[in-house]
Every structure is written in structure tokens, then in C-alpha cells.
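[1] predicted coordinates and the sequence they were generated for:
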Amino acid sequence: MNSLRIGLIGLDTSHALAFTRLLHDTEDAYHVPGARVVAAYPGGSPDFSLSISRVNGFTEDIKQKYGVRIMDTPEEVAEHCDALMLLSADGRVHLDLFRKIAPYGKPVFIDKPLALQSSEAEEIGAIAARHGVPVMSSSSLRYAVSLTQELDREGKGNVIGADVHGPMEVESTQSYYFWYGIHAAEMLFAIMGPGCREVIVSSTEVHELITGTWDDGRIGTVRGNRGGNFMFGALIHRTTGSDYVDAAASGKPFYADLLEQVMPMFASGKTVLPFEQSVEIIRFLEAAEESRTTGCTVKL
């Protein structure tokens, strides 16, 4: 069986180099077989320092170490590949880039955050449907081994709530909660499932507490901090008891867990995560930002 030809859109994130290494390096402990990165478009956002300061270095590494062909436009990459990874660190550009590559009909993975507005996330979904393009978007924390294993445990009873925590650094170009808040939000929705109906936020200079109420009355929280604790974790409440999950307990890189979920979608055209759930997470964070500004409960 021939390897899938993967194209990367956006080389301003460490995920571009990490995914390429896992796909190419058969000696890597977390090598993922079945595909090779053959083409890439660098991109980069001039007003986003973490983007523009890294794009040239990552581009050169991917070109020199792995022989990836660097192309001038996203469309050229889409034309030469079987599947696409839209990795641009800047969530503001995802809709525009997706518009350019969707007409080629190739499966697309969009790295976090899918978008910075739910209207743009919904438009990405509409474009994908119009062109028959399988599309998936997720933070790698959703698929952390320790979390997925805990959720797969049998005999623990139904999930009745969850409290997730993680770092909540703010990047001014990426709205407020979308830069790091997306990771903890993905974990919360992986545990609770869809159906959040309203959100209210408590916010201080160094801490954030986002409280969501689900349609069935369950409550889930995201506690974000900028006070020195950079661990991701979750306390999962079930009918039989509560269990704590350290997201990093397995020692396996989160991006390897994510790539293992993306590859079957590229091969089969079927996603493991309904796109509507990714849109709901964007709306959740959008509502949280509105609540933070107004001090009021916001309906999703």
C-alpha cells in the first residue's frame, strides 16, 4: 500500500515539525506509519510574534531534514497531496486558508483553535459540506492517553460532572481564552460530551474559572491559571466516585496521541470527532469571553 501524501499549511508551529518527524522517522518511539509529508506552505502572521518569529526556522528544518517541498501557495500544496493539515498557529487565518484548499476535496485536519469566532467555525463547516470535504479539528489534549484510558474504564458509572485545570496564558492576537483555554475546554468536552447550555465566568489577574451547565443539569468547570502551575488535569465525577487524571501521566507526547486519531480520518474519510462538537467548543469559549466582559451568564 502506498503512503498517503500529506501537505502542511502553516509552518509557524512546533506541530509542523513534530508531525513530520513522527511520520518520517521509523526509529522514533511514537512513529506513525502510513504517510509522508511531501509539500508545505509556510504562511506566518506578521503581527503575531510567536508565529512570524518561528516560521522561517521551522520551514528550513522541514525542508532540509525531511526533504519536504516548500510551495508558494496553499492551493499548490492541496493539488499535490492526498490529505492536508492546516496547522497555522493563528486561528484568525483558518477560515481564509480553508476556503483556498477546500475546493480540492482532500480531507483536512485543522489544528487548534478551529477559529476565534463560532460564526467562522460554522462557515468552515458549511464550506466543507459544500465540497464534500472530511474535516476534523481538535486540541491534542482531548486524546491524552491517560484521559482516554480513564474514560474507557468500565464499571465506573455515568459521568455526572468534571473539573478540568490547565495553564491559561493569553495571546493578544488570539482573543482571550482561545490560545491556551482551548486545551482545557477540549478535555472538558471529551469528558462531558456536547450539550452545554450556558456559561458563567469568574476572572482575576491570575486565575479564570469557567463554569458550564449542560442541558441535563450536569456542571463542568475549567480552571485556568497564570500563577505557575502548568499541568493539565481533570477530576472526573461519576455516580460511583471521583477520579483524578494527570494528562501527562503516560509520558507520551500529546501530539502523538492526536496524530494517531487524524491518520484514520485521512485514510477512510471518516472523522472520529463530529465537526459540530468542535464548533460547540468554539462557542463555549466565545460565550466565556462574553461572560468575562459582562459578568453575566451567557447562553450558548
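    The structure has been received and is ready for your questions. Residues are numbered from 1 along each chain as shown.
[2] can you pull out the strands in the stretch 51-200 of the chain?
    69-70, 83-86, 108-111, 135-138, 159-167, 196-203 (DSSP state E, counting those that start in this stretch).
[3] put the alpha carbons of the fourth one into CSV.
    Extracted as CSV, the C-alpha positions of strand 135-138 are listed here (Å, rounded to 0.1, in the frame of the first residue of the first chain):
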residue,chain,number,x,y,z
VAL,A,135,-12.7,17.9,8.2
MET,A,136,-11.6,17.4,11.8
SER,A,137,-10.3,19.9,14.4
SER,A,138,-9.0,19.2,17.9
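[4] which elements pack onto that strand?
    Here strand 135-138 touches strand 108-111, helix 118-131, helix 254-268, helix 275-294, going by 3 or more CB pairs under 8 Å, 6 or more residues apart in numbering; DSSP states H and E. Bear in mind the C-beta positions are built from the backbone N, C-alpha and C, glycine included.
[5] who is V108 paired with across the strands?
    Beta-bridge pairing for V108 (DSSP bridges): L84, V135.
[6] quick one: it and K100 touch, right?
    No: counting by CB atoms under 8 Å, K100 is not a contact partner of V108; they are 11.1 Å apart.
[7] which of these two has more neighbours?
    V108 (27 against 16; other CB atoms under 10 Å).
[8] what's the closest of the strands of the stretch 51-200 of the chain to E122?
    Minimum separation from E122 across the strands of the stretch 51-200 of the chain (CB to CB) falls at strand 135-138, 12.3 Å.
[9] mean confidence score for the closest one?
    Mean pLDDT, strand 135-138: 97.
[10] stretch 33-41 too?
    97.
[11] so how far is it off the chain centroid?
    Stretch 33-41 sits 19 Å away from the centroid of its parent chain (CA atoms, centre = their mean, to the nearest Å).
[12] so E150 versus S250, what's the distance?
    Relative to S250, E150 is positioned 11 Å away (CB to CB, to the nearest Å).
[13] what residues does the nearest residue to M136 once chain neighbours are set aside make contact with?
    Nearest residue to M136, sequence neighbours excluded (CB to CB, 6 or more residues apart in numbering): T271, at 4.3 Å. Contacts for T271 (CB atoms under 8 Å, 6 or more residues apart in numbering) come out as P134, V135, M136, M265.
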